[in-house]
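Chemist: What follows is a predicted protein model with its sequence.
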Amino acid sequence: MDVLFLSRLQFAAATLFHFIFVPLTLGISVLIAIMETVYVRTGDEEYRRMAKFWGKLFLINFAIGVVTGITLEFQFGTNWSRYSTYVGDVFGALLAIEATVTFFLESTFIAVWALGWKKLSPKAHAVAIWLVALASNMSAYWILTANSWMQHPVGYTIRNGRAEVTDFLAVISQGFALMTFVHTVSGAYAAAGFFVLGISAWHLLRGQNVAFFTKSFRLAATFAAAAALVVVGLGHLSGSEVAATQPTKLAAMESHWETGANVPMYLIQWPDPSGERNAVEALPIPGLLSLLAFHDTAATVKGLKEFPASERPPIFPSWLSFKIMVGAGSLLLLVALGAWLVRGNPAGRPGFLRLMVWALPLPWIAIETGWILAEVGRQPWIVYGVMKTSAAVSRLATVQVATSLVAFVAVYGILGFIAISLMARFARRGPVAD
């Protein structure tokens, strides 16, 4: 294992761990804001209790998300210094806006919200949580825009050996960024919906706080179902965007080797990267890959053999992560629609409630494998077509990176255990009286 591999492994471990907590922050902040708004409009104290109960879980999740996010930004300086030097004027500007504007707004008002239950009027308190939700989601926009620039760089020029911004509007408004933002955030909303649905189902199965968790279930069911429909719809459009901008990633995620028109999609498939073929191909649906990629069954889709082996992403991880993401996303949609259908009397459907508890991790499986596909499928480029990952890594000793990797995994393991244990403890306890 060399410095490049270890640095990639370290960043992957940190990102995947960080992204356990980020989706919940994005989605549940909006759900809590809705609960507080209902309380302000109706005066129903149950919604105020809901906001307080789910808000405790949100605060634990937010804290661990912040801690793990900060270390990611440090890695751009420690492990990826040549990347930061080369594209820092573009990438760094977007992260700077995120940190100095949206993150500070989010951090400020989350303190106002957490400490202001007895100091602010209900309306002012509801405004505080809406500002937290807005800032969280805007924060996601800047970070996803930075990542989208790595996937599809626009609005820049190479001058004096470095990338410089020439069209900032193009950077922040390109279709790839907008599509990635909506797809990712809707996935986060689905995750938050499943989080509330799963915990509510667990309590309803035990007959605990039935009125409270029935209202939570109903609200989350509509939220999750709407988000899941957007996730699946945008997932298809994102695939078309990838086909247009990153043909190697499309070919890798479908294990498509030969360039051709009217390309089928195989329901059963197993890649053989060393043989540059698929070891198993069965049950083709004629023209489906061409249709999904270019909205035309007769369209030509480039195969992996069209590109030098040195410029292809790792085939098997790209293919497998894509299949898992699609499978989890499809199940997520079915379960969310099921929750929406039974939302009138969820306590009367114990079988579905048990399914809902087990289905709680589904959005996280889809989101994490989606990130693996996005990052692994872009290889060997760190900025697609501009800079290879091998040219971006810092000049460090192998033992330095190995040591920091072990330290990251150990510390994150402890933090994760503490955070998840705390959340499970509060979730099992349920709402408490003021």
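Modeler: Happy to help now that I have it. None of the values given here were measured: they were computed from a predicted structure.
Chemist: any chance you could map the strands in this protein?
Modeler: Using DSSP state E, the strands of the chain run over 156-159, 162-165, 260-261, 265-272, 277-285, 300-301, 381-383, 387-388.
Chemist: From Phe19, how far off is the closest residue in space to Glu281 that isn't next to it in sequence?
Modeler: Using CB to CB, 6 or more residues apart in numbering and skipping the chain neighbours, the partner closest in space to Glu281 is Tyr266 (4.9 Å). Just so you know, the C-beta spots here come from the backbone N, C-alpha and C atoms, and that holds for glycine as well. Remark: distance between Tyr266 and Phe19 (CB to CB, to the nearest Å) = 30 Å.
Chemist: cool, Leu57 as well?
Modeler: Taken as CB to CB, the span from Leu57 to Phe19 is 17 Å.
Chemist: Next: Lys305.
Modeler: Counting by CB to CB, the gap from Lys305 to Phe19 is 33 Å.
Chemist: and if you look at Ala279?
Modeler: 32 Å.
Chemist: who's more crowded, these two?
Modeler: Legend: neighbour count by other CB atoms under 10 Å for Ala279 and Phe19, higher for Phe19 (20 against 12).
Chemist: So for that one, what pLDDT did the model give?
Modeler: According to the prediction, Phe19 has pLDDT 90.
Chemist: which of the strands of the chain sits most buried?
Modeler: strand 381-383 (a mean of 22; mean count of other CB atoms under 10 Å).
Chemist: starting at the chain centroid, how far to that strand?
Modeler: 20 Å (CA atoms, centre = their mean, to the nearest Å).
Chemist: tell me what that strand is packed against?
Modeler: With contacts taken as 3 or more CB pairs under 8 Å, 6 or more residues apart in numbering; DSSP states H and E, strand 381-383 sits against helix 81-97, helix 122-151, strand 387-388.
Chemist: Quick one: mean pLDDT over the shortest one.
Modeler: Taken as a whole, strand 387-388 has an average pLDDT of 94.
Chemist: Tell me which strands that strand pairs with, and in which orientation.
Modeler: strand 381-383 (antiparallel) (DSSP bridges).
Chemist: hang on, Ala33 packs against Ile129?
Modeler: Yes - with contact defined as CB atoms under 8 Å, Ala33 reaches Ile129; the gap is 4.6 Å.
Chemist: more crowded one of those two?
Modeler: Ile129 (27 against 21).
Chemist: which ones are touching the more buried one?
Modeler: Residues near Ile129 by CB atoms under 8 Å, 6 or more residues apart in numbering: 29, 32-33, 36, 51, 55, 109, 113.
Chemist: now do 10 Å
Modeler: Applying CB atoms under 10 Å, 6 or more residues apart in numbering, we find Ile129 in contact with 29-37, 51, 55, 58, 109-110, 112-114, 116.
Chemist: likewise Ala188?
Modeler: 19, 22-30, 136-137, 140, 227, 231, 363, 367.
Chemist: One more: Thr369?
Modeler: 16, 317, 320-329.
Chemist: nearest to Gly187, of those?
Modeler: Nearest to Gly187 among those, counting by CB to CB, is Gly329 at 8.1 Å.
Chemist: Let me see the confidence value for the residue nearest to the closest one when sequence neighbours are not counted.
Modeler: Closest residue to Gly329 apart from its sequence neighbours, by CB to CB, 6+ apart: Ala366 at 4.6 Å. Listed pLDDT for Ala366 reads 95.
Chemist: Ala366 against Ala190, yeah?
Modeler: Yes - Ala366 is within contact range of Ala190, at 8.1 Å (criterion: CB atoms under 10 Å).
Chemist: Which one's more surrounded, those two?
Modeler: Ala190 (31 against 24).
Chemist: what sits against that one?
Modeler: Here Ala190 is in contact with 23, 27, 223-232, 329, 332-333, 335-336, 362-363, 366-367 (CB under 10 Å, 6+ apart).
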